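> Got a predicted model here, sequence first, then my questions.
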Amino acid sequence: MKVLIISSLYPPHVVGGAEKAAAQLAEALVRHHHEVVVVSLHPESSAMVEDRNGVRVYRLPIDNFYWPFGRKEKPNGFYRLAWHIRELWNSLAAGPIGKILDTEKPDVVNTHNVCGFSLAVWREVKQRGLRLVHTVHDYYLMCPRCTLFDKGGNCETRCLSCRVLTANRRRLAQLPDSVVSVSQHALDEHLKRDFLADQPATVIYNIQEASKSYATESLNEGQQAEDLIFGFIGRIEEEKGIETLLAATRCLGQSNWKLKIAGKGVDEYVDKLASQYPDSRIEWLGFTDAAKFYRSIDVVIIPSLWAEPLPYVCVESVQAGRSLICASSGGIPEIAGLGSMVCFFPAGSVDALGEKMNVALNSAEEWRQRRVPDSSKLFQFREDYVVDRYLREYGPVKPTSRKATP
């Protein structure tokens, strides 16, 4: 089968989990003897084609007012509004997709994040009579920011800007032949707002194979054996709940703890937080290898304020056998619940998080134990299982009248 995947970003251009998931799926399909082509965006001014781990990757320049991914500062409000208006329907951005479809002639097209292309890419696919499968990684169909998060909280109702700047997406969401959601929570959020209600939809988790290196115990030099090591890994930004976590450290009744923060954010914001919380027990690691991080900590804290559909850190932490303290938001409980030692607190509650961290400190030996769940709990993340589920959504290859390529 020949699969064409459309993803706004593709490694090495990585900002979030969606592009990582798209790449893992693409390369897994290749390992299962399918031909895979990827179309993505890049910040350069001209198109290019390359081979990456057996996947043919087309990288196109973005056709909008600015490159929006991973910026360190926001453009002014006028440019942001203009960008989103153009994103409503950008036929110029979708045009090159049509040419690639005509050249590659795939059996099925699987779109992941399409921000920057706009939903005009779906028209290009359906005009050619191709099967279209869309994978939902976030809330792009309902929210121009893709998060349903604003002013420090999750949006229970869609604001005026959401309704206006996604005005055509409810109707266009009927175009895919099948919809895959990366979590039940993400699918439910769409259904309760009357999106995707009439579409065949299923939940397929992202591929996340367990790494043997996660479970290796290793204490850093100078670290006291009696210290309980809390850890945070991810983007350092408000919606990830980093401020809730830092404030909770001031609620801890014992001194035998450390907090390791792995990840990057806007430099000004990170510097401000570091100056507000100068405690020597808080270590700012910056970008860090995940396996190394999990080897060096005991308890992973996931304090996200926003309703993340499927946080990778949840899956990685469970597979690493680490204890978890998690906000009960989004798809976090859905995944963290697979762990052997986990507790939850209301998202944004400093006191509740501090209380859970104190519970862990009072039973430090128990919380330090590595407990990797039985493989029967984690089979849904295995490559062979995920590929098989996607192939069912892609459907059988239908006979065509295409001429053989000489």
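Good, I have the coordinates.

> Can you list the residue ranges for helices in the stretch 251-400 of the chain?
Assigned by DSSP state H, counting those that start in this stretch, the helices in the stretch 251-400 of the chain fall at 267-276, 290-296, 312-319, 332-336, 350-362, 364-368, 375-378, 383-394.

> pLDDT of the fifth one, averaged?
Going back to what we said before, that points to helix 350-362. For helix 350-362, the mean pLDDT works out to 97.

> likewise the last one?
When pLDDT is averaged over helix 383-394, the result is 97.

> tell me how far it is from the chain's mean position?
Its chain's C-alpha centre and that of helix 383-394 lie 19 Å apart, by CA atoms, centre = their mean, to the nearest Å.

> With just CA atoms, put that helix into CSV.
Once non-C-alpha atoms are left out, helix 383-394 reads as follows in CSV (Å, rounded to 0.1, in the frame of the first residue of the first chain):
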residue,chain,number,x,y,z
GLU,A,383,4.2,-0.6,16.8
ASP,A,384,2.7,-3.7,15.3
TYR,A,385,-0.7,-3.1,17.0
VAL,A,386,-0.9,0.6,16.0
VAL,A,387,0.1,-0.2,12.4
ASP,A,388,-2.5,-2.9,12.2
ARG,A,389,-5.2,-0.6,13.5
TYR,A,390,-4.2,2.2,11.0
LEU,A,391,-4.2,-0.3,8.1
ARG,A,392,-7.8,-1.2,8.9
GLU,A,393,-8.7,2.5,8.7
TYR,A,394,-6.8,2.9,5.4
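
> Packing partners of that helix?
Secondary-structure packing of helix 383-394 (3 or more CB pairs under 8 Å, 6 or more residues apart in numbering; DSSP states H and E): helix 17-31, strand 108-111, strand 131-136, strand 178-181. C-beta here means a position set from N, CA and C on the backbone, and glycine is covered the same way.

> And that helix, what's buried?
For helix 383-394, a neighbour-count test (16 or more other CB atoms under 10 Å) marks 383, 386, 387, 389, 390, 391, 393, 394 as buried.

> Identify the residue nearest the second one in space, chain neighbours excluded?
Here the nearest residue to residue 386 in space, its sequence neighbours aside, is residue 207; by CB to CB, 6 or more residues apart in numbering that works out to 4.8 Å.

> any idea of the pLDDT on that neighbour?
Taking residue 207 on its own, its pLDDT is 94.

> Can you report how many residues neighbour it?
22 (other CB atoms under 10 Å).

> gap between the closest residue to residue 20 other than its chain neighbours and residue 266?
The shortest distance from residue 20 to any non-neighbouring residue, by CB to CB, 6+ apart, is to residue 14 (6.0 Å). Counting by CB to CB, to the nearest Å, the gap from residue 14 to residue 266 is 17 Å.

> what's around the closest residue to residue 257 other than its chain neighbours, how many residues?
Excluding its sequence neighbours, the residue lying closest to residue 257 (CB to CB, 6+ apart) is residue 228, at 5.2 Å. The local packing of residue 228 (other CB under 10 Å) involves 23 other residues.

> Same question for residue 191.
Neighbour tally, residue 191, other CB under 10 Å: 14.

> Mind telling me what element it is part of?
Assigned by DSSP states H and E, residue 191 falls within helix 184-192.

> Determine the set of other helices and strands touching whichever helix or strand comes after that helix.
Where DSSP H and E defines the elements, the next helix or strand beyond helix 184-192 is strand 201-203. When contacts are defined as 3+ CB pairs under 8 Å, 6+ apart, strand 201-203 packs onto strand 178-181, helix 184-192.

> Of these, which stretch is the most buried?
Ranked by mean neighbour count, the helices and strands packed on strand 201-203 are led by strand 178-181 with a mean of 22 (mean count of other CB atoms under 10 Å).

> Now the worst-scoring helix or strand of the chain on mean pLDDT: buried residues?
The weakest-scoring helix or strand in the chain, judged by mean pLDDT, DSSP states H and E, is helix 375-378 (a mean of 81). By neighbour count on 16+ other CB under 10 Å, the buried set for helix 375-378 is residue 378.

> cool, and stretch 335-342?
Residues of stretch 335-342 classed as buried: 335, 336, 338, 339, 340, 341, 342 (neighbour count, 16+ other CB under 10 Å).

> Distance of the last one relative to residue 90?
Between residue 342 and residue 90 the computed distance is 42 Å (CB to CB).

> okay, now the domains of this structure?
For the chain, automatic domain parsing gives the domain ranges 2-207+382-394, 212-378.
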